[in-house]
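[1] model this:
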Amino acid sequence: MGNDKKSLVVPDEVMISKIYLIRNHKVMLDIDLAELYQVETGRLNEQVKRNVDRFPEDFMFQLTNEEWESLRSQIAISKKGKGGRRYAPFAFTEHGVLMLSSVLNSERAIQVNIQIMRVYTKLKGMLLTHKDILLKLEKLERKTTKHDENFKIVFDYLKELLNPPSEPMRKIGFKQSKED
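    I've put the predicted structure just below:
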């Protein structure tokens with residue numbers, strides 16, 4: 001059994017490459033999950049349909065034709081009538097993927113789900129790190145913008161001092177009257 005578990009390991013990069021951002025959700029498609037679980041896509045979807053109450057919309061949804069066409073062109077999946085699927089795939093959110101392990105109920109499904117959950121956790125950590133970096137950059141940008149404004153004022157004053165006015169200035173000082 002120890003050898004079986006080692007053969008179950010799928011590189012994180014492979015799993016990450018199967019996570020898509022659709023409708024502002026990180027999802028995995030039924031076809032990719034079926035491949036990871038080593039079951040046919042039809043079998044996976046059959047089990048989901050038998051347990052449809054376990055998969056509310058925030059766990060799973062079917063892609064629209066437009067979403068599917070766009071995704072298909074990005075990831076080079078075969079077109080209709082050429083051996084490809086006849087309908088848009090189902091997309092499973094993190095919670096939907098977790099629910100799949102109870103529906104499929106195989107050792108492979110459990111091990112793959114554990115690995116997928118670890119990948120999702122890593123992705124969340126990376127996103128939080130990126131968010132912190134973005135916040136720091138925004139603060140720096142605001143500071144430099146304020147500094148830029150201050151430098152502009154200083155340069156404007158310097159230009160005034162260096163560029164004498166075009167009309168002569170009236171003389172200042174004590175004036176004697178002509179009567180004296």
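[2] and Phe55, backbone torsions?
    The phi/psi pair for Phe55 (degrees, to the nearest 10) reads phi -120, psi 80.
[3] how about stretch 129-141 as PDB, C-alpha atoms only?
    Only the C-alpha atoms of stretch 129-141 are listed here, as PDB (Å, rounded to 0.1, in the frame of the first residue of the first chain):
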ATOM      1  CA  THR A 129       1.600  37.400   0.200                       C
ATOM      2  CA  HIS A 130       0.900  39.100  -3.200                       C
ATOM      3  CA  LYS A 131      -1.800  41.200  -1.600                       C
ATOM      4  CA  ASP A 132       0.600  42.400   1.100                       C
ATOM      5  CA  ILE A 133       3.100  43.300  -1.500                       C
ATOM      6  CA  LEU A 134       0.500  45.200  -3.500                       C
ATOM      7  CA  LEU A 135      -0.600  47.200  -0.500                       C
ATOM      8  CA  LYS A 136       3.000  48.200   0.300                       C
ATOM      9  CA  LEU A 137       3.500  49.200  -3.400                       C
ATOM     10  CA  GLU A 138       0.300  51.400  -3.200                       C
ATOM     11  CA  LYS A 139       1.600  53.100   0.000                       C
ATOM     12  CA  LEU A 140       4.900  53.800  -1.700                       C
ATOM     13  CA  GLU A 141       3.200  55.100  -4.800                       C
END
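[4] Glu138: neighbouring residues, count only.
    Residue neighbour count, defined by other C-beta atoms under 10 Å, stands at 10 for Glu138. For every residue, glycine as well, the C-beta is placed using N, CA and C.
[5] what packs against the host helix or strand of it?
    Assigned by DSSP states H and E, Glu138 falls within helix 107-162. Packing partners of helix 107-162 (3 or more C-beta pairs under 8 Å, 6 or more residues apart in numbering; DSSP states H and E): helix 2-8, helix 12-17, strand 19-22, strand 25-29, helix 30-37, helix 94-104.
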